[in-house]
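Q: I'll drop the sequence and a predicted model, then ask my questions.
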Amino acid sequence: FKNGLSVKLQNAKALKAKKEEGNKAFKEGNYAEAFDLYSEALTIDPNNIKTNAKLYCNRATVGSKLSKLEQAIDDCTKAIKLDESYIKAYLRRAQCYMDSELYEEAVRDYEKVYQTEKTKDHKHLLKNAQLELKKSKRKDYYKVLGVDKNATEDEIKKAYRKRALMHHPDRHSSASAELQKEEEKKFKEVGEAFTVLSDPKKKSRYDSGHDLEDDGGMGDVDANNIFKAFFGGPGASGPGNFFFQFG
């Protein structure tokens, strides 16, 4: 019995020391070292549930700093298995889900946190995750044009020019009917994306998560008219003129 107690105390001391070493390395910005120290600490005393839950959560924090998001999510899940009421682990996992663009999972974790602690901050995090989830379910106009979310007006114009020429129906007039249909769809989407992202008001509404169709902001976009207006001159999309003017 005495020996058992002594081993327990030794383990507890060793665990505490290793955890503090990990915390020190983390505070100093030595993330890879902190990750290894937390990993070592986790092998010391499997029976120390509360401390191990904290270690998994700490290692998840380091993992997210090292861009090991899957590992970080897995560590948070292990922490939660050990301590189901561990709010910090839910919050860390939710943030990793957000960074991985897994918005449904993030919403689920933030809902759990908000049900447990109805604070202003937790409500804000939940609302933000819900908004990102909503945005992820609609067309990503930045992806359609192949530009970054911080793209300048000039970059948006250049991207439209490139994509509109790439998908213009005239360029695919000798392709199969199936491919023509596919390219026509892409051409229309490129026009739609440009209509929204080149208009500051529409862009702002789009960026803040509003559905432009809901408030009549979009209507039916005529991709050919946008193309003509952009490149100037009537008949810009006429079969004969296309390659001479823009090829």
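A: Yep, it's here.
Q: okay, how far is it across stretch 55-73, tip to tip?
A: 14 Å (C-alpha to C-alpha, to the nearest Å).
Q: what's the answer for stretch 131-149, then?
A: 16 Å.
Q: residues in contact with it: which ones?
A: If you take C-beta atoms under 8 Å, 6 or more residues apart in numbering as the criterion, stretch 131-149 is touched by 98, 101, 103-104, 106-107, 151, 155-156, 159-160, 162-163, 189-190, 192-194, 196-197, 206-207, 209, 211. For glycine as for every other residue, the C-beta is placed from the backbone atoms N, C-alpha and C.
Q: filter the residues you listed down to the buried ones.
A: For the contacts of stretch 131-149, a burial check counting by 16 or more other C-beta atoms under 10 Å picks out 98, 103, 106-107, 151, 156, 159-160, 163, 189-190, 192-194, 196-197, 206.
Q: among these, which are in helices?
A: Among the buried ones among the contacts of stretch 131-149, the ones falling in helices (DSSP state H) are 98, 103, 106-107, 156, 159-160, 163, 189-190, 192-194, 196-197, 206.
Q: hmm, which two among the residues you listed are most spread apart?
A: Greatest spatial distance in these: Val107 and Tyr160, 33.1 Å, computed using C-beta to C-beta.
Q: so which bits of the longest helix seen in the chain are buried?
A: When the chain is parsed with DSSP H, its longest helix is helix 2-27. Going by neighbour count (16+ other C-beta under 10 Å), the buried part of helix 2-27 is Leu15, Lys18, Lys19, Glu21, Gly22, Ala25, Phe26.
Q: tell me the centre residue of this structure?
A: With distances taken as C-alpha atoms, centre = their mean, Glu101 lies nearest the centre of the chain, 3.0 Å away.
Q: dihedrals phi and psi, that one?
A: phi 60, psi 30 (degrees, to the nearest 10).
Q: which residue packs closest to it, ignoring adjacent ones?
A: The shortest distance from Glu101 to any non-neighbouring residue, by C-beta to C-beta, 6 or more residues apart in numbering, is to Ser136 (6.8 Å).
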